[in-house]
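**Student:** let's see this in three dimensions:
(2 chains)
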Amino acid sequence: MSVSGPPAQARVVVIGAGIVGNSMAYHLAQQGWREIVLIDKGALPNPGGSTGHASNFIFLTDHSKEMTLFTLDSVRQYKALGVFTQSGGIEVARTAERVEELKRRMASSKAWGIDAELVSPAEVKRLVPYINEDIILGGFSTPAIGTVDSLRAGTLMREKAQAMGALTVVPSTEVVGIDVENGRVRRVRTDQGDIEAEAVVISSGIWSPRIARMAGASIPLSPAVHQMISVGPVPLFADTVGEIKYPIIRDMDTNGYERQHGGDLEVGSYDHRPILWEPDEIPAIGQSKLSPTELPFTKEDFDESLEHALELIPDILGDPSVGIRHAINGLLSLTPDGLPLLGETPEVKGLWSVAAVWIKEAPGIARCVAEWMTSGVPEIDPSGSDIARFYDHQKTRAHIRGRSAEGFNKTYGIVHPREQWESNRRVRVSPFYEREKALAAVFFETAGWERPNWYESNKPLLAEYGDRVMPRRYEWDARWWSPIINAEHLAMRDRVGMVDLSAFAVFDIAGTCALDYMQKMCVVQMNLPVGRVIYTSLLNPAGGIKADLTVMRLGTNHFRVVTGGADGMRDRKWFADHLPEDEAVQLTDLTSSWATIGVWGPRARDLLQSITDADVSNEGFPFGTCRFIDLGSVRALASRISYVGELGWEVYVPFEQGARLWDAIWDAGQPHHIAPVGIGVYGTTGRLEKCYRAYGNELEQEFNLVETGLARPQVKPQDFIGKEAYLKQRAEPPAVTLCTLTVDDNTSRSGFKRFMMGREPVLSAQGKRIVDRHGRGSYVTSAGSGPSVGKTILMTFLPPEQAKVGTRLAVEYFGEQYPVTVAVVGPTPLFDPQNARVRS
Amino acid sequence: MPMNVLVCVKRVPATAGQITLTPDAQEIDTRYLGFTISPHEECAVEEAVRMIETHGGSSTVLTLGPEAAVDQLRDAMALGIERAILLETDGREWDPVATAAAIVEAIEAERAAGRSYDLVMFGNESADSAGYQVGVRVAGTLDLPCVTGIKAIEIDQGRAAVRRQTESGWETAEVALPAVLTVKEGLNLPRYPSLPGRLKAKKKEIERITPHWQDGGLEKIRLKLPVQAEHKVEILGKNGDVGAEMVEVFQRLRLL
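**Tutor:** Numbering: from 1, shown residues only, chains lettered A, B, ... in the order given. Now for the predicted structure:
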């Protein structure tokens, strides 16, 4: 038998045979796919991508639940393949700030169910006898950490898929083109012949952008250098049987790691300057000395890391007989937001990205994407990593490079949950931007939009409200925060506030079959009178929550969908994917056409009435309705809903008339002492007091409408996506119910009041983890101040035993447990439970 | 008896299997390549370090090249060489005549400053242009004995007993020091740099001299890649089911 090139036909072509491609081939086979072709331009088992030089160790805890779940699943799979070696791993702290961060990592470990402990320097020394314990303050130790043989894992997965008769492996064959017809992938062209295919998976690591571009799609990642050296022979390791005996050390404060590899110690670093490459500049296999992803080591970039490593591991690294035997600038993938790039590309149907995936999460991610490709319903919710999340500007080279460089040194960094990016800001600004700047707005970014989080010009409100603004004196809790947020909140509840909501994504759905289509997409009844606005969820086929948004019916065949900026592109793809093929329904993205101001508060009606002839009384403009009204010389679409629980409207105007609208509302608001109000209120304090859920916090595909308290009394007779699953969910007692908790006492042992931020573990009063019948642990989904109720508010999913008003529980935050009480079970608001205000 | 040893090295691209040239055919395309010294020179450096460890004295590494060649000097110092001299060029290629003249000038300047070398070592040939000339030319100009292609050196009582491998066996020679030796890979097994060595080397001073160009040598017109043989992989089969074909191939290759 001689090599005869790839088959002419395949159901799916997987491009790239690193750990990701091999895992994809295996999981697709497991999911029932046949005629899978796995192709790589390199030779097997190590075709020359990043898998071949990875340090192959797996730390388990990430502050992101999604990434942790992928990692835990991957470890299960590596163990089943027999390629996992448990070694334990310790993150060590050299600074007091890092000691605090390790406490936060402990909390994340508890939230996601990973056994870990904080250990003293002496205990670190006992576990890792070659460490210099004098320069560390402590460690965060996870016994279940280990290393894998990722090349062997890939080989085994290929062999399993081949044994199922599902896979043809085509090494040493280069992809030279991808043909797309009618927006759908048709064929992969290679230097050995063409392959017709229904689906194509790009698992090409750092080359993924180049491959995607052949099909006209974007995979926004940047190859970046990670430096690593291997030193040996280490006398202490001389009698180690196998690969590793001592725990892996992560020297967090210097962005480095040290791990035993047989007789050697590998020292790696994320400390050096960001060294980014372009996918097109990567050498060909023949051009590279070691492999295309193992570039010549640039010593001067590593010198500082050497010194740090020598400080921490002097016994081994200071030994003159131990030499630097291997040193590389290894290439890996970085993305603009640090998360992987998974899912079908929004540009091309049938073209899937599984890129920017590291060894530690690859098999878990591959299972997820294979499930996604097969049934549309992955078990682990990949929304955070969905490649459809990016707006066009986020796919530009400038953005990718800017954010990747900025993110590189955060690899081991202490990243505050509210921390803002610095590079490539001010890309999307609303027409109110100059007005907001003049009011000393502090801008946070969402989806490229600059949005005021609070206004420094509201500082005088602090005096008015005194301690009701719930001031924070602990620096971490007060970072990227201001008591002005809470003052704006109170001013809005007392009088009236105006909120820039231009970051909303706005889609028009129109056409002769628009109603049928919207019925299919949305859970709630869409056959509403023209002029109604309604909140609805969108489900996946398994009844997981895919999106939540509001819909205005503007005409018989015309709906307007408004969703959050952060979710906009994912939601747009979901809508676009389900459009009928006959073009009886059209989707138009009007995000850049409409600017929006929310006007809310007891005086909102008086304000609005003063600039319009329209009847905005409760009878004339009831809650849940929308219509065009004239505000001075601007004709605006006003929609009477509220995410902050106040009387008021979202007011939409054509983008170029935004400044005019701002001025009209601002001027008319002066007699009412209007406050400009930031997203700190809209996104956190206002909604939390009203127990409104947020997508990505409470709402995700892992939870259903019954659990989140969003199930309505009736189910519409029309069919909709996820209906069958939803009916089943309604018939069963829920495994958890979303509850609102209040913190009973947030005073820490140090005397400071502490303020949670979300993702902390919710424990029993005795400090035990709370786990539901599906094995999901309880954690804080959202946290924030409730200035009108005078309490810190937390949301969490609780199993039935705990989901009772008055249950006393505990929340762990920076190593201390704080007493909390279940205040609300289900969706009843904490503030204004009768919703009198919104309906007044 | 303590001795002074000088090792001369040349910064060259660390080439891969496939070499590409710059569009003007004047240089090797080094975008993806690191830089190094030849394996012969690595052995020369190692030998110098060992000699000083055994006999005492001092070792110096010298190179003629651009500022970036400091990397190669520091690499040598990371392994235990004490001093480094850079004959700093503006980056253009120096042919063997000019190079040897510059090195001679530097050695004479050293001698004038009271530092004479008992032994000057070169790699047998450079890894890039492989002229086999510089060591011999330096020896000739300085009127020192020179043995080339050395794979073993023993120093005793001011004399060097050296050996080199030929097709028929080993040739041995004995020379009085001072002498020039050009050495080959296999002389020893060079050590790897240690972390302390690397960090110490980083802080050391590099002595810099601006060399004078001597005319009369070679002129580079352009580089040309040799025709590369096409490699074709043919998989005969898997496991043990292709024994007969294997035998046939081995016979064709006259291995059986």
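**Student:** where exactly do the strands run in chain B?
**Tutor:** In chain B, the strands defined using DSSP state E lie at B:3-9, B:12-13, B:35-36, B:57-65, B:83-88, B:119-123, B:146-156, B:159-166, B:169-176, B:179-183, B:207-209.
**Student:** now do the stretch 351-500 of chain A
**Tutor:** A:351-355, A:441-446, A:449-455, A:497-500 (DSSP state E, counting those that start in this stretch).
**Student:** hang on, the earlier thing: dump the strands of chain B to a markdown table, plus mean neighbour count, distance to A:Gly645 and mean pLDDT.
**Tutor:** (Each C-beta comes from the backbone N, C-alpha and C, glycine too.) Shown next, in a markdown table, are those (neighbours: other Cβ atoms under 10 Å in any protein chain shown; distance: least, Cβ to Cβ, whole Å; pLDDT from 0 to 100):
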| stretch | mean neighbour count | distance to A:Gly645 | mean pLDDT |
| --- | --- | --- | --- |
| strand B:3-9 | 26 | 76 | 97 |
| strand B:12-13 | 20 | 69 | 93 |
| strand B:35-36 | 18 | 67 | 94 |
| strand B:57-65 | 23 | 73 | 97 |
| strand B:83-88 | 22 | 74 | 98 |
| strand B:119-123 | 28 | 80 | 98 |
| strand B:146-156 | 18 | 87 | 97 |
| strand B:159-166 | 16 | 90 | 95 |
| strand B:169-176 | 12 | 94 | 96 |
| strand B:179-183 | 26 | 84 | 98 |
| strand B:207-209 | 14 | 74 | 96 |
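**Student:** out of the ones you listed, which is closest to A:Pro143?
**Tutor:** Taking Cβ to Cβ, strand B:35-36 is the member of these nearest to A:Pro143, at 42.3 Å.
**Student:** in the chain, where is pLDDT below threshold?
**Tutor:** Because you didn't say which chain, this covers chain A. For chain A, residues meeting the criterion pLDDT under 70 lie at A:1-4.
**Student:** was after chain B, sorry
**Tutor:** Those would be B:16-17, B:230, B:232-233, B:238-240, if you go by pLDDT under 70 across chain B.
**Student:** close to chain A: what parts of it are there?
**Tutor:** Residues of chain B lying close to chain A (Cβ under 8 Å from any Cβ of the partner chain) are B:14-18, B:20, B:31-35, B:71, B:74, B:191-199, B:202, B:233-237.
**Student:** re the thing from before, save the strands of chain B as TSV, and put in distance to A:Pro787 too.
**Tutor:** Output for the strands of chain B, formatted as TSV (distance: least, Cβ to Cβ, whole Å):
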stretch	distance to A:Pro787
strand B:3-9	71
strand B:12-13	66
strand B:35-36	63
strand B:57-65	69
strand B:83-88	68
strand B:119-123	77
strand B:146-156	83
strand B:159-166	87
strand B:169-176	91
strand B:179-183	80
strand B:207-209	68
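**Student:** which one of the ones you listed lies closest to A:Pro247?
**Tutor:** When the strands of chain B are compared by Cβ to Cβ, strand B:35-36 sits nearest A:Pro247, at 35.2 Å.
**Student:** in the stretch 151-256 of chain B, what residue lies closest to chain A?
**Tutor:** B:Tyr192 (2.5 Å; Cβ to the nearest Cβ).
**Student:** what residues are up against that residue?
**Tutor:** With contacts defined as Cβ atoms under 8 Å, 6 or more residues apart in numbering or on different chains, B:Tyr192 is in contact with A:231, A:323-325.
**Student:** out of the residues you listed, flag the one nearest to chain B.
**Tutor:** Nearest member of the contacts of B:Tyr192 to chain B, counting by Cβ to the nearest Cβ, is A:Gly323, at 2.5 Å.
**Student:** distance of the closest residue to the closest one other than its chain neighbours relative to A:Ser55?
**Tutor:** Distance criterion Cβ to Cβ, 6 or more residues apart in numbering or on different chains; nearest residue to A:Gly323, sequence neighbours excluded, is B:Tyr192 at 2.5 Å. Distance, B:Tyr192 to A:Ser55, by Cβ to Cβ, to the nearest Å: 19 Å.
**Student:** same check, this time on A:Thr298
**Tutor:** For A:Thr298, the distance to A:Ser55 (Cβ to Cβ) stands at 18 Å.
**Student:** what about A:Ile328, neighbour count?
**Tutor:** Taking other Cβ atoms under 10 Å in any protein chain shown as the criterion, the count of residues near A:Ile328 is 22.
**Student:** next, it: secondary structure please.
**Tutor:** strand (DSSP: H, G, I helix; E, B strand; the rest coil).
**Student:** on contacts alone, who are the packing partners of the strand or helix carrying A:Leu538?
**Tutor:** According to DSSP states H and E, A:Leu538 maps onto strand A:533-539. Under the contact criterion of 3 or more Cβ pairs under 8 Å, 6 or more residues apart in numbering or on different chains; DSSP states H and E, strand A:533-539 touches strand A:545-555, helix A:723-731.
**Student:** the shortest one to strand A:533-539, inter-axis angle?
**Tutor:** Here helix A:723-731 runs at an angle of 100 degrees relative to strand A:533-539 (axes from the mean of the first three to the mean of the last three Cα atoms, to 10 degrees).
**Student:** give me the element the residue in the stretch 501-650 of chain A that chain B sits nearest to is part of.
**Tutor:** As assessed by Cβ to the nearest Cβ, chain B sits closest to A:Met569 within the stretch 501-650 of chain A, at 36.1 Å. Assigned by DSSP H and E, A:Met569 falls within helix A:568-577.
**Student:** that helix to strand A:533-539, inter-axis angle?
**Tutor:** 80 degrees.
**Student:** residues making contact with helix A:568-577?
**Tutor:** Contacting residues not belonging to helix A:568-577 are listed as A:344, A:346, A:383, A:386, A:388-391, A:447, A:504-505, A:507, A:509, A:521, A:538, A:546-547, A:549, A:561, A:563, A:587, A:589, A:591 [Cβ under 8 Å, 6+ apart].
**Student:** now the element after that helix, going C-ward?
**Tutor:** According to DSSP H and E, the helix or strand after helix A:568-577 is strand A:586-589.
**Student:** around chain B, pick out the residues from chain A.
**Tutor:** A:1-3, A:172, A:231, A:281, A:283-284, A:286-289, A:295-297, A:299, A:303, A:306-307, A:309-310, A:317-325.
**Student:** mind running it again at 7 Å?
**Tutor:** A:1-3, A:231, A:283, A:286-289, A:295-297, A:303, A:306-307, A:310, A:317-318, A:320, A:322-325 (Cβ under 7 Å from any Cβ of the partner chain).
**Student:** only whichever of the residues you listed are buried, select them in ChimeraX.
**Tutor:** Restricted to buried positions by 16 or more other Cβ atoms under 10 Å in any protein chain shown, the ChimeraX selection for the residues of chain A next to chain B reads:
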select /A:231,283,287,288,289,295,296,297,306,307,310,317,322,323,324
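**Student:** among the residues of chain A next to chain B, which ones are in strands?
**Tutor:** Per DSSP E, the subset of the residues of chain A next to chain B in strands is A:231, A:295, A:323-325.
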